[in-house]
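Chemist: show me the folded form of this:
(2 chains)
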Number of protein chains: 2
Amino acid sequence: MNYSLYAGGKRLRPLLVFCACQAVGGHADAAAPVAAALEMIHTYSLIHDDLPAMDDDDLRRGRPTCHKAFDEATAILAGDAMNTYAFQAILEGVSNPALAVAVARELAAGAGVDGMVGGQMADLESEGAQSDADRLRYIHEHKTGALITAAVVCGGIVGGASPQTLERLRGFGRQVGLAFQVIDDILDETATAEQLGKSPGKDRDAGKMTYPRVMGLHKARQYAQTLVDGALAELRDLEQADGLRTIADYFLSRTH
Amino acid sequence: MNYSLYAGGKRLRPLLVFCACQAVGGHADAAAPVAAALEMIHTYSLIHDDLPAMDDDDLRRGRPTCHKAFDEATAILAGDAMNTYAFQAILEGVSNPALAVAVARELAAGAGVDGMVGGQMADLESEGAQSDADRLRYIHEHKTGALITAAVVCGGIVGGASPQTLERLRGFGRQVGLAFQVIDDILDETATAEQLGKSPGKDRDAGKMTYPRVMGLHKARQYAQTLVDGALAELRDLEQADGLRTIADYFLSRTH
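Modeler: Numbering: from 1, shown residues only, chains lettered A, B, ... in the order given. From the prediction side, this is the model:
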């Protein structure tokens, strides 16, 4: 668990938790266990994704994947324990029971069969299938988008956001989450291995659907811009949302 | 998820939830989502245990294991989603937030790195190692005992038990959970395949430590009796605990 959790990475999801909490006037201390939980769910999903039966990857964040450094059984159990520990971190770390329940429910919905894992399953089932924009959108909204959205909404909940503000944050998370994936697909087509820190063209070579394949590179870039613009519009009334705005702008700056 | 969850089985853990809730005067309706969650955690652990990288089993509950009926990736994801869904079921189904948090914390502690998964890891690490009663006890208290204890305690929490009564239930669960495993080991040595519904002697042949191997068959039977007597003593002051008493007696009746 420590090997994979402390391997580095962008820490995007915890950053979104902290920035969303800040955007609604909450205190960073309250957001810390929630931020940790989001990174644990993300890391467990990477450990299991890298297994031979899934993507069969040898390297992750520049180090051997968990099952390469240890063995497959250890990697399966490390992922399982971290999935459970994410909920434990929230339930033990968020002192207000009503907020703890709301945060943990949001995380479960984003991480489980209605969210991330559902998207991974749809992705598995679509391999070799005909490219289709609706199906692609479903996969990405669930596989990566749902957990990114959950990070933003969970940060808002623990920061004490009103229901109206939470819906704004949800809109921001949904659009920024989809933009993240569109941009990932673009980089997979255009970036060098050096820029990416991993081999580009892997999704393309695996015959996976990507946005540039479905709509072309130019339209994919326009689509990412439209999504980020829509995400930023949701933050209109939030004066302390500079952190979230910076993240959205950073996403877009990666496209070129 | 449905394939494995509806394959049958003894439903021991949900039964313990309902009987513990009843023992403290709680209502079965309140216990239902908690009972479902316990069976989901148990079932996800079976799906992952059966994977080729773990115990590599082809049959479970008389049907092909999940990865045989589908494939390994599907089995990994089904287990992952069910782990998360167990917490979702509690957080959505237990209406009092303080009770929902208490139940979900107890389940996380029993299921995760400090409980079931920790015990599975210790079990993996002990394969081929020297038999040792302390190590064996650690493995069994965690691998199977922790979730059985969590079932009893979670049923008590959702039934509204006092802290004193919860500690009684915890003592019952701990002893009955260990007895369950001692008896499982005895049956693995003595029962026929027909009685067991699976091949006996599998743990013995795999060189795993078992109670009969460590202390002999006769002493193992005595130990199971002592544990069940101790468990029953914890229920002394609970007038509605007949359900729990019946389960403890049933455990013991399986030894011969």
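
Chemist: C-alpha only now, for contacts and for neighbours.
Modeler: Fine.

Chemist: secondary structure element for the residue positioned nearest the centre of chain A?
Modeler: Centroid check for chain A by Cα atoms, centre = their mean gives A:I148 as the closest residue, at 4.0 Å. Using DSSP states H and E, A:I148 sits within helix A:146-158.

Chemist: ok, that helix near chain B or not?
Modeler: No - applying Cα under 8 Å from any Cα of the partner chain, one finds helix A:146-158 separated from chain B by no less than 13.0 Å.

Chemist: so which bits of the next helix or strand after that helix are buried?
Modeler: Sequence order places helix A:163-190 as the next helix or strand after helix A:146-158, per DSSP H and E. Within helix A:163-190, the residues that count as buried by 16 or more other Cα atoms under 10 Å in any protein chain shown are A:165-166, A:168-190.

Chemist: again, but for stretch A:113-124
Modeler: In stretch A:113-124, counting by 16+ other Cα under 10 Å, buried: A:113-124.

Chemist: what is the nearest of those residues to chain B?
Modeler: The shortest approach to chain B among these belongs to A:V113, at 5.3 Å (Cα to the nearest Cα).

Chemist: give me the phi and psi for the closest residue to the closest one other than its chain neighbours.
Modeler: Excluding the flanking residues, the one nearest A:V113 by Cα to Cα, 6 or more residues apart in numbering or on different chains is B:A81, at 5.3 Å. When quoted as degrees, to the nearest 10, the phi and psi of B:A81 stand at phi -70, psi -40.

Chemist: per-residue pLDDT, B:A81?
Modeler: For B:A81, the pLDDT comes out at 98.

Chemist: report the angle between the helix or strand harbouring A:G79 and helix B:72-93.
Modeler: Element membership of A:G79 [criterion: DSSP H and E] is helix A:72-93. Per axes from the mean of the first three to the mean of the last three Cα atoms, to 10 degrees, the angle that helix A:72-93 makes with helix B:72-93 is 10 degrees.

Chemist: next one: helix A:72-93 to chain centre, how far?
Modeler: Taking Cα atoms, centre = their mean, to the nearest Å, the mean C-alpha location of helix A:72-93 is offset from the chain mean by 17 Å.

Chemist: stretch A:86-100 now?
Modeler: For stretch A:86-100, the distance to the chain centre is 21 Å (Cα atoms, centre = their mean).

Chemist: show me the contacts for the closest residue to chain B within the stretch 101-250 of chain A.
Modeler: Closest residue of the stretch 101-250 of chain A to chain B, Cα to the nearest Cα: A:G112 (4.8 Å). For A:G112, the contact set (Cα atoms under 8 Å, 6 or more residues apart in numbering or on different chains) comprises A:118, B:80-82, B:84-85.

Chemist: now render these as TSV, adding distance to A:Y3.
Modeler: TSV is the format used below for these (distance: Cα to Cα, whole Å):
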residue	distance to A:Y3
A:G118	26
B:D80	20
B:A81	23
B:M82	25
B:T84	22
B:Y85	26
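
Chemist: which of those residues lies closest to B:L227?
Modeler: Nearest to B:L227, judged by Cα to Cα, of the contacts of A:G112 is B:M82 at 31.7 Å.

Chemist: surely that closest one meets B:M40?
Modeler: Yes - the pair B:M82 / B:M40 is scored as a contact, 5.9 Å apart, by Cα atoms under 8 Å.
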